[in-house]
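**Student:** Got a predicted structure plus its sequence, pasted below:
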Amino acid sequence: MQALQVYPNPGKGHFMIRGIETEKGFYSLYNTSGQLVKRGVLNSNQLDLEELAKGPYYLLLSDKNNHLAGQVIILE
């Protein structure tokens with residue numbers, strides 16, 4: 001099982017992802033209340049969350065072989 005790496009974390013909204021096949025993956029992002037705030041298809045190893053409010057979020061990533069979870073913190 002691979003470990004999820006999201007960096008820089010905390011960051012300003014642009015994150016790099018390692019640990020999952022990003023060209024065939026999906027993501028879901030939840031706030032600390034458990035509400036889905038964004039979801040989509042990963043087209044690269046970059047995730048742009050710049051439009052979201054600052055704070056912590058729970059990130060779920062999946063591809064055909066893996067389901068990984070992590071946290072991202074958006075500054076500013």
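**Tutor:** Yes, it's here.

**Student:** Tell me the secondary structure at the residue nearest in space to the middle of the chain.
**Tutor:** With distances taken as Cα atoms, centre = their mean, residue 59 lies nearest the centre of the chain, 4.4 Å away. Recorded secondary structure, residue 59: strand (DSSP: H, G, I helix; E, B strand; the rest coil).

**Student:** Please give me every residue in contact with it.
**Tutor:** By Cβ atoms under 8 Å, 6 or more residues apart in numbering, the contact list for residue 59 reads 6, 27, 28, 29, 47, 69, 70, 71, 72. C-beta coordinates here come from the backbone N, C-alpha and C atoms, glycine included.

**Student:** Report the rounded mean pLDDT for the one helix or strand the fourth one maps to.
**Tutor:** Okay, so that is residue 29. Element membership for residue 29 (DSSP states H and E) is strand 25-30. On average, the pLDDT along strand 25-30 is 94.

**Student:** any idea of the angle the following helix or strand past that strand forms with strand 25-30?
**Tutor:** Note on strand 25-30: by DSSP H and E, the next helix or strand toward the C-terminus is strand 36-42. Computed by axes from the mean of the first three to the mean of the last three Cα atoms, to 10 degrees, the angle separating strand 36-42 from strand 25-30 equals 170 degrees.

**Student:** Relative to the whole chain's centre, how far out is strand 36-42?
**Tutor:** 8 Å (Cα atoms, centre = their mean, to the nearest Å).

**Student:** For it, report the contacting residues that lie outside it.
**Tutor:** Contacts for strand 36-42 (Cβ under 8 Å, 6+ apart): 17, 20, 22-31, 49, 52, 57, 61.

**Student:** which among those residues end up buried?
**Tutor:** By neighbour count, with 16 or more other Cβ atoms under 10 Å, the contacts of strand 36-42 hold 17, 20, 22, 25, 27, 29, 30, 49, 57, 61 as buried.

**Student:** which pair in the residues you listed spans the largest distance?
**Tutor:** 22 and 30 (19.4 Å; Cβ to Cβ).
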